[in-house]
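1. Would you be able to build a 3D model of this:
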Amino acid sequence: MKRRSILGAAATVLTIIVLLAAIEHGTLVMKPHIRSKAAVLMDLETGKLWMDVNGGAALCPAGMSKMMTQMIVLDRLAAGVLHWSDKVPVSARAGTAEGTTLNMQAGEVYTVKELYQGVTVYSANDAAVALAEHIAGSESAFVSIMNAKAKALGLSGETVFANATGASPPSAERQQGKLVETRMTAVDAGKLAAALITSYPEVLETSSLTQMKLQSKGLYVSNTNLMLPGMGGAYAYTGTDGLKTGYDERTGYSFAGTAERGGHRVIAVIMGADSQEERFKETAELFDYAFYMELPPVRRFKYLLGRLGGAFG
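-> Sure, this is the predicted structure:
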């Protein structure tokens, strides 16, 4: 019996050594184990999906859908029909937006740049509604532009925009079927993020800001993306510079993240994590998988141990 135990332990050690050697030489890299409802890992340059976990399921993306709001703002700026310095009055509708807001009040006036930063950095719903109304005259008209853009970008029919914010309607209204709600697949979220970065790489200059300030209010707010290196916390990840977080009470916590190392940029989408910490942990696992050969030795070793632990656990 003792001999068998020794032989079994030796076989396990040998297996681990062989796996480590194979992974180290690039012949085998174990994929992360995703616990969230959906996830994709995309190569920006080729559009190839390196991982696709339930990526075609339509889920409530919440604030992640604001990537489309950003896209339309940047489209209008590029066309010259909108300018960063344009003044935007906050309507009563925008001033009463719920969820994450900058506490903007009806009648206050902000620049397009301030509102765009509020959407990009803090995922502010009041800023998103104010921009939508300014661009299209009403939020409903802006939604039509969003869905037309989704079609032009080749997003699937499973992705539908219902407002400028991604916020879901109250449960009572959902049960009565009164409102269409925003839905998005993880694959479409990745495609939208890729289109946004490719068309307007300057979006990353704003999405990488650790905080923004509303000058008139003297209000500072921090970025909701805790993976930014400048945030300096437990989830900071070298090379990360965007892109958009989201939370829905039914779907859970979501994140469309992007990072670049050695001139190689990838996009990772997590939808339906159990906590905001989990969405960043899983995104880091996806980034590690993509950047394995570019990780520092200690991080590479930890990655290997984590993957092997999952394989033998």
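
2. In this protein, mark out all the strands, start to finish.
-> For the chain, the strands defined by DSSP state E cover 38-43, 49-53, 87-89, 109-111, 211-214, 219-222, 240-248, 252-261, 264-273.

3. In the stretch 101-250 of the chain, where is pLDDT below threshold?
-> 170-179 (pLDDT under 70).

4. follow-up on the earlier one: export the strands of the chain to TSV and tack on mean neighbour count and distance to F301?
-> From N, CA and C alone the C-beta is placed, and that goes for glycine too. Output for those, formatted as TSV (neighbours: other C-beta atoms under 10 Å; distance: least, C-beta to C-beta, whole Å):
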stretch	mean neighbour count	distance to F301
strand 38-43	25	21
strand 49-53	18	22
strand 87-89	16	51
strand 109-111	18	48
strand 211-214	17	34
strand 219-222	13	32
strand 240-248	26	21
strand 252-261	25	17
strand 264-273	27	21
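
5. Next, format these as CSV and append distance to N147.
-> Shown next, in CSV, are the strands of the chain (distance: least, C-beta to C-beta, whole Å):
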stretch, distance to N147
strand 38-43, 21
strand 49-53, 24
strand 87-89, 23
strand 109-111, 26
strand 211-214, 28
strand 219-222, 29
strand 240-248, 18
strand 252-261, 19
strand 264-273, 20
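
6. Let me know which of these is the nearest to G118.
-> Nearest of those to G118, taken as C-beta to C-beta: strand 211-214 at 6.7 Å.

7. show me what contacts the spatially closest residue to T100 that is not a sequence neighbour?
-> Spatial nearest neighbour of T100, chain neighbours left out: S123 (5.3 Å); criterion: C-beta to C-beta, 6 or more residues apart in numbering. Contact analysis of S123 by C-beta atoms under 8 Å, 6 or more residues apart in numbering lists G63, K66, T100, T224, K244, T245, G246.

8. Please report the distance of S123 from G242.
-> Distance from S123 to G242, counting by C-beta to C-beta, to the nearest Å: 12 Å.

9. Then L226?
-> 13 Å.

10. do you know which of the strands of the chain lies nearest G166?
-> strand 240-248 (6.2 Å).

11. C-alpha coordinates for that closest one, CSV please?
-> This file holds the C-alpha atoms of strand 240-248, laid out as CSV (Å, rounded to 0.1, in the frame of the first residue of the first chain):
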residue,chain,number,x,y,z
THR,A,240,-5.5,48.1,-18.4
ASP,A,241,-7.0,51.4,-19.7
GLY,A,242,-10.7,50.8,-20.0
LEU,A,243,-13.5,50.3,-20.5
LYS,A,244,-17.0,50.0,-18.9
THR,A,245,-18.6,48.5,-15.8
GLY,A,246,-22.2,47.6,-15.2
TYR,A,247,-24.6,46.2,-12.5
ASP,A,248,-28.1,44.8,-12.8
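
12. Residues touching it, excluding its own?
-> For strand 240-248, using C-beta under 8 Å, 6+ apart, the contacting residues are 59-67, 120, 123, 166, 168, 193, 196-197, 203-204, 207-208, 224-225, 227-229, 253-260, 267, 276, 279, 287.

13. Touching, M68 and M146? I think so.
-> Yes: at 5.0 Å, M68 counts as touching M146 under the criterion of C-beta atoms under 8 Å.

14. Mind checking which of those two has more residues around it?
-> Neighbour comparison, M68 and M146: the larger count goes to M68, with 29 against 22 (by other C-beta atoms under 10 Å).
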